[in-house]
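[1] Turn this into a model:
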Amino acid sequence: MRTDGTDDGAQLGGRLLTLVGERDFHALAPAISQIAHDGSDRSAFTAVVTWMVTTIADLIADPTASVDDAVDSFISVVPVVHDTTEFDEELPPPAEWLFTAVVRHLQSRHRTGSILPPPAPADSALTRTQALVEALLWLDALLDRGHGFAGELG
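    Residues are numbered from 1 along each chain as shown. Next comes the predicted model:
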């Protein structure tokens, strides 16, 4: 078992995603709140968002594609997730944070082969909560539309 929090992040993130899929918002709200307010070290939050960013990147970009193709695939997906016709470069702060985290992950994955944790959003429980909700919405939308984004958009 890994000791870097990845397994915990996948377990907690998977549980949140299941609650979203089941539309169990009564259970989802306190689960998100607990992760967003996870104390001074924020290890649960960091583990969950790292898993979410990695999963989003895996769903949208072929790992063998160039970094430019991976980012282009991601830019093509953003309007789909937000039910718009084109990419809006002025995303709300939680979506902007998520967008930046995924792009940085795609870039680091292609440059070094290592997976870096995403940049931490602003230091407030509200922003962490919004970031978790945004990531869950993106993951849910991507999963609802299938895993073929890299092939369809890249």
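
[2] all helices for the protein, in order.
    Remark: helices assigned in the chain by DSSP state H are 6-21, 25-36, 43-60, 67-81, 93-111, 125-144, 149-153.

[3] Packing partners of the third one?
    Based on contacts counted as 3 or more Cβ pairs under 8 Å, 6 or more residues apart in numbering; DSSP states H and E, the elements that helix 43-60 packs against are helix 6-21, helix 25-36, helix 67-81, helix 93-111, helix 125-144, helix 149-153. C-beta coordinates here come from the backbone N, C-alpha and C atoms, glycine included.

[4] Show me what the first one is packed up against.
    The contact analysis (3+ Cβ pairs under 8 Å, 6+ apart) places helix 6-21 against helix 25-36, helix 43-60, helix 125-144.

[5] coming back round to it: and the helices and strands packed on helix 43-60 as a markdown table, adding distance to A47?
    Output for the helices and strands packed on helix 43-60, formatted as a markdown table (distance: least, Cβ to Cβ, whole Å):
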| stretch | distance to A47 |
| --- | --- |
| helix 6-21 | 3 |
| helix 25-36 | 9 |
| helix 67-81 | 22 |
| helix 93-111 | 14 |
| helix 125-144 | 12 |
| helix 149-153 | 25 |
